[in-house]
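Asks: What follows is a predicted protein model with its sequence.
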Amino acid sequence: MFEARKMIAGFLAQRRAELGMTQEALAERTGMGIATVKRFESGRFWLSSKHLLMLCHVLDCYFFLEAKGSDSPHATKMREAMEQANRFRNPSEGQKN
């Protein structure tokens, strides 16, 4: 799940930068503390669904779920990240002796 958290945090940090918004401004507009915004953007912290939706509203973007088997670019990128994480955690898995 760390990879998913980093991917979501990275997207939202990039979106904030695209809008020319500082972390301080984002914290103020969402009512979250600056430390919370910084920890989330670093990928070290999960937000509640309420706060995630607040961020999406302020950053003018959507957050949605898709089936794992979907062929959409978002699902494909997430699937690749999860497969890479699994290979990292279980390097011997998939190797034949």
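Replies: Here it is on my side, so go on.

Asks: Give me the secondary structure label for residue 36.
Replies: Using DSSP: H, G, I helix; E, B strand; the rest coil, the structure places residue 36 in helix.

Asks: where in this protein is pLDDT low?
Replies: Across the chain, residues meeting the criterion (pLDDT under 70) sit at 1, 93-97.

Asks: Where do the domain boundaries of it fall?
Replies: 2-63, 65-97 (automatic domain parsing).

Asks: could you dump those domains to CSV with mean neighbour count?
Replies: C-beta coordinates here come from the backbone N, C-alpha and C atoms, glycine included. Shown next, in CSV, are the domains of the chain (neighbours: other C-beta atoms under 10 Å):
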stretch, mean neighbour count
domain 2-63, 15
domain 65-97, 10
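
Asks: Please enumerate the helices of the protein.
Replies: With DSSP state H as the criterion, the chain has helices at 2-18, 23-30, 34-41, 49-58, 73-89.

Asks: between these, which gets nearest to residue 66?
Replies: Closest to residue 66 of the helices of the chain is helix 73-89 (C-beta to C-beta; 4.6 Å).

Asks: mind checking how far the closest one is from the chain centre?
Replies: 13 Å (C-alpha atoms, centre = their mean, to the nearest Å).

Asks: Can you tell me what sits against it?
Replies: 2, 3, 4, 7, 66, 67, 68, 69, 70, 93, 94 (C-beta atoms under 8 Å, 6 or more residues apart in numbering).
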